[in-house]
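Undergrad: generate a structure from the sequence data that follows.
(one chain, ligands or ions: 2)
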Amino acid sequence: MKRGKVWTFVAGFVTAAALVAIVAFRTSGADTGATAPSPAAVAAVQDSPNPTAALSPRDVYYPGSEALAPDEMRIIACGTGMPNARPKQAAACWIVELGNGDKFIFDIGLGSAERIAAMKIPYDYLDKVFLGHLHADHIGDLDALWIGGVISNRQRKLRVWGPSGADSTLGTAYMIDRMKEMYAWDMASRQGNVNTLGLEIEVNEFDYKAVNAVVYEENGVTIRTIPAIHAVDGSVSFILTWNGLKFAFSSDTYPNKWWMEHTKDSDLAIHECFAPPSIMVNKQQFTVGDALNVATQVHTSPAMFGKVMSTIQPRMAVGYHVFNDFDTQPQIIEEVRSTYGGPFELAVDYMVFNVTKDSIRVRMAAVDEDIWPLPSVTKKLAANPADRIGFSDFVTSGRVVFEDVIKFYYDQTNQMFGTDFKPPK
Ligand SMILES: [Zn+2]
Ligand SMILES: [Zn+2]
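TA: Ligands and ions are numbered 1, 2, ... in the order given. Take a look at the predicted model:
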């Protein structure tokens, strides 16, 4: 059995600038032409005539510091784990950025919102979310993007695409309506305190049975849906095409005929590569029967993933949706390699793929943990104080007002920003 070459880089420095690098597990070696450190980078260090020159090419992606070429697609793993929360891997989430300026989020699972924030993309651009199905590990941070995005300067509505379900209570529109109801207090509390344009949600629910149907077509970008087989009816996978490039994302699915037919010749194909039964028993305390059912009937285990990729033959296959650790990765890769010999990465969070017609470059992002919200891309609008709901007389009667220090803050802030606000009476 051929085992993929395994690179393990440990780049775990915490610098004064609080840059946190990540432990990166590389799984494909020479297959992809995307390994690091590259011979060129090593040579650049060894041969540089100038000890103060910057290295080029860089083997790390620093969010917010690299222009995207007009013909380039950048795909960022913001969640590659499982429904179980863990610091190292959030649940399903991928950002796709295109050289025409468009950006898309595919699934937004538990824990992914902070990874999204770490990519230093203004929230106005993060207004399009495609949901493959409604499991918590694929939608769990939608609220964080929705309301957190409002606080983080998104001044436009959030647009959400997702499938219908077997009945009207199992579809995306129903879920969004209930999410809004769940956050009734939160939404009321924002009125008049922040600009709330971003609280509006546009819901685009489409038929989960639609086969290769267009659900999005704007600005030269087409996104199609195909049915997926996962848990119950109402799961889909997506195919994005733009500028001659093809990106396929499974969300979660059992191997199926629609994926096999419509994702052929993808440039990047991301498909679940779930924990095999033995790992579910040993690591997650599943019973043997439950592990066999979940790993081989509900999900796609690694050797099944390999079969899928051998059929569609993408330029690069990406597996995700598994805890990718030093002690699970070798077995997973060995099982994938028992059925698939092509280019392959087993993703971890912050893995970054730069795709053009000529190359696919794979790197890890180095993340600034001290990220603050970026400015809005349009002029920041103020809240209207008249919209504030305010308090009952009962709660108001409990206020303890420190007039002297409140005056200090008003005076200090007015002086700093050249304004003339007065404390409310
Ligand atoms: Zn699922
Ligand atoms: Zn899942």
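Undergrad: quick one: contacts of the strand or helix carrying Asp137?
TA: Following DSSP states H and E, one finds Asp137 within helix 136-139. By Cβ atoms under 8 Å, 6 or more residues apart in numbering, the residues outside helix 136-139 that reach it are 81-83, 91-92, 107-110, 131-132, 175, 251-252. C-beta: built from backbone N, CA, C; applies to glycine.
Undergrad: out of those residues, who's the most crowded?
TA: Greatest neighbour count in those, by other Cβ atoms under 10 Å, goes to Ala92: 36 neighbours.
Undergrad: how near is it to Glu202?
TA: The gap separating Ala92 from Glu202 is 22 Å, by Cβ to Cβ, to the nearest Å.
Undergrad: same question for Asp420.
TA: 39 Å.
Undergrad: of those two, who's got more company?
TA: Glu202 (13 against 7).
Undergrad: show the model's pLDDT score for that one.
TA: In this model, Glu202 is scored at 98, pLDDT.
Undergrad: now it, which residues is it bridged with?
TA: Beta-bridge pairing for Glu202 (DSSP bridges): Arg159.
Undergrad: OK, contacts around it?
TA: Neighbours of Glu202 in contact, by Cβ under 8 Å, 6+ apart: 157-160.
Undergrad: restricted to helices, list the contacts of helix 136-139.
TA: Counting by DSSP state H, the part of these found in helices is Met175.
Undergrad: low-scoring stretches of this structure, by residue?
TA: Across the chain, the ranges flagged by pLDDT under 70 are 1-49, 55-57.
Undergrad: what about the longest helix in it?
TA: helix 403-417.
Undergrad: what comes up buried for whatever helix or strand comes next after the helix holding Asp137?
TA: Following helix 136-139 in sequence order, the next helix or strand is helix 142-151 (DSSP H and E). Within helix 142-151, the residues scored as buried using 16 or more other Cβ atoms under 10 Å are 142-150.
Undergrad: could you do stretch 76-93 as well?
TA: 76-82, 89-93.
Undergrad: of all those, which two lie farthest apart?
TA: Farthest apart among the buried residues of stretch 76-93 by Cβ to Cβ are Ile76 and Met82. That separation is 19.1 Å.
Undergrad: and stretch 68-80 with ligand 2, contact?
TA: No. Stretch 68-80 lies out of reach of ligand 2 by Cβ under 5 Å from the ion, never closer than 9.7 Å.
Undergrad: quick check, that stretch touching ligand 1?
TA: No. Stretch 68-80 lies out of reach of ligand 1 by Cβ under 5 Å from the ion, never closer than 12.5 Å.
Undergrad: look up how far Trp258 lies from the residue lying closest to Gln89 once chain neighbours are set aside.
TA: Nearest residue to Gln89 in three dimensions, chain neighbours excluded: Gly81, at 3.1 Å (Cβ to Cβ, 6 or more residues apart in numbering). The spacing between Gly81 and Trp258, counted by Cβ to Cβ, is 26 Å.
Undergrad: report the buried residues of whichever strand or helix holds Glu181.
TA: Glu181 belongs to helix 172-182 when assigned by DSSP H and E. Neighbour-count burial for helix 172-182, counted by 16+ other Cβ under 10 Å, picks out 172, 174-176, 179.
Undergrad: how near is Tyr208 to Ala166?
TA: From Tyr208 over to Ala166 (counting by Cβ to Cβ), the distance is 8 Å.
Undergrad: do Leu240 as well
TA: 26 Å.
Undergrad: which one's more surrounded, those two?
TA: Leu240 (24 against 11).
Undergrad: which helix or which strand is home to the more buried one?
TA: strand 235-242.
Undergrad: tell me the strands beside that strand, with direction?
TA: strand 221-228 (antiparallel), strand 245-249 (antiparallel).
Undergrad: go through the ones you listed and name the closest to Glu66.
TA: That would be strand 245-249 among the strands paired with strand 235-242, by Cβ to Cβ, at 18.0 Å.
Undergrad: off-centre distance for that closest one?
TA: Strand 245-249 sits 15 Å away from the centroid of its parent chain (Cα atoms, centre = their mean, to the nearest Å).
Undergrad: how about residues contacting that strand?
TA: 73, 75, 94, 96, 106-107, 132, 237-241, 259, 262-263, 265-271, 312, 314, 355-357.
Undergrad: which positions in the stretch 251-400 of the chain make contact with ligand 2?
TA: Asp252.
Undergrad: kindly recompute the last result at 6 Å.
TA: 252, 321 (Cβ under 6 Å from the ion).
Undergrad: and the residue of the stretch 51-200 of the chain found nearest ligand 1, how many residues sit next to it?
TA: Distances between the stretch 51-200 of the chain and ligand 1 by Cβ to the ion are smallest at His135, namely 3.5 Å. Using other Cβ under 10 Å, His135 is surrounded by 20 other residues.
Undergrad: and it, how close does it get to Lys264?
TA: 27 Å.
Undergrad: for the stretch 301-425 of the chain, which residue gets nearest to ligand 1?
TA: His321 (8.4 Å).
Undergrad: circling back to that earlier point, highest average neighbour count across the strands paired with strand 235-242?
TA: strand 245-249 (a mean of 24; mean count of other Cβ atoms under 10 Å).
Undergrad: pull out the CA atoms of the helix or strand immediately after that one in the chain and give them to me as CSV.
TA: Counting by DSSP H and E, the next helix or strand C-terminal to strand 245-249 is helix 257-262. Extracted in CSV, the C-alpha atoms of helix 257-262 (Å, rounded to 0.1, in the frame of the first residue of the first chain):
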residue,chain,number,x,y,z
LYS,A,257,-24.1,9.6,-8.6
TRP,A,258,-24.7,13.4,-8.8
TRP,A,259,-21.3,14.2,-7.4
MET,A,260,-19.7,11.6,-9.6
GLU,A,261,-21.3,13.1,-12.7
HIS,A,262,-21.1,16.8,-12.1
